[in-house]
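Asks: Following is a predicted model, sequence given first.
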Amino acid sequence: MRSFGELEEQVMFHLWAADRPLQVREVRRMLAPERPLAHTTVMTVLDKLYRKGWLRREAAGRAYVYTPVMSRDSYTAARMHDAWSAAAGPATALVYFIEAMNPEQQSALRDALRVVSVGRGTGEEDRAADRTHERTERPAEPETAGQDEPRTG
């Protein structure tokens, strides 16, 4: 998943924080204290984000209003997943990530694993969370070639 440019990110933060769709002039006003920009600049950024699929756009009179397609939390989760998937050793990267967390973040992670566990109806995620502190690296299990491919013939 591609990350945002600096201005795109600022615009997205304002849209995520809003409790309703915003017009170009409203976004420009929110950016103005730190970054005075021309109306056309903000309009161009919103249009680019819309064309990239990050925003929904609806006509509201003579203007458009914009809303994010996904929440900030969903975007953050997708970025974390991409980074984790790109790691040479995903299990090791996850251990380093968890070790870097403060106790409150680790508690939130345990809570999230319980929620996922309850949603799936298994306790495997809880057992996995309990094992994260072991810090024992195990070799990855070899993948079976073609196991998910349909049989032909």
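Replies: All right, it came through fine.
Asks: Give me the helix or strand of this protein that scores worst on average pLDDT.
Replies: In the chain, no helix or strand scores lower on mean pLDDT, DSSP states H and E than helix 124-131, which sits at a mean of 51.
Asks: which residues of this structure score low on pLDDT?
Replies: 122-153 (pLDDT under 70).
Asks: now the helices: where do they sit in it?
Replies: 6-17, 24-31, 39-51, 72-86, 90-99, 103-120, 124-131 (DSSP state H).
Asks: could I get the ones you listed as JSON lines with distance to R57 and mean neighbour count?
Replies: Backbone N, C-alpha and C define where each C-beta goes, glycine included. Formatted as JSON lines, those follow (distance: least, Cβ to Cβ, whole Å; neighbours: other Cβ atoms under 10 Å):
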{"stretch": "helix 6-17", "distance to R57": "11", "mean neighbour count": "16"}
{"stretch": "helix 24-31", "distance to R57": "11", "mean neighbour count": "18"}
{"stretch": "helix 39-51", "distance to R57": "5", "mean neighbour count": "16"}
{"stretch": "helix 72-86", "distance to R57": "18", "mean neighbour count": "12"}
{"stretch": "helix 90-99", "distance to R57": "36", "mean neighbour count": "14"}
{"stretch": "helix 103-120", "distance to R57": "32", "mean neighbour count": "12"}
{"stretch": "helix 124-131", "distance to R57": "38", "mean neighbour count": "13"}
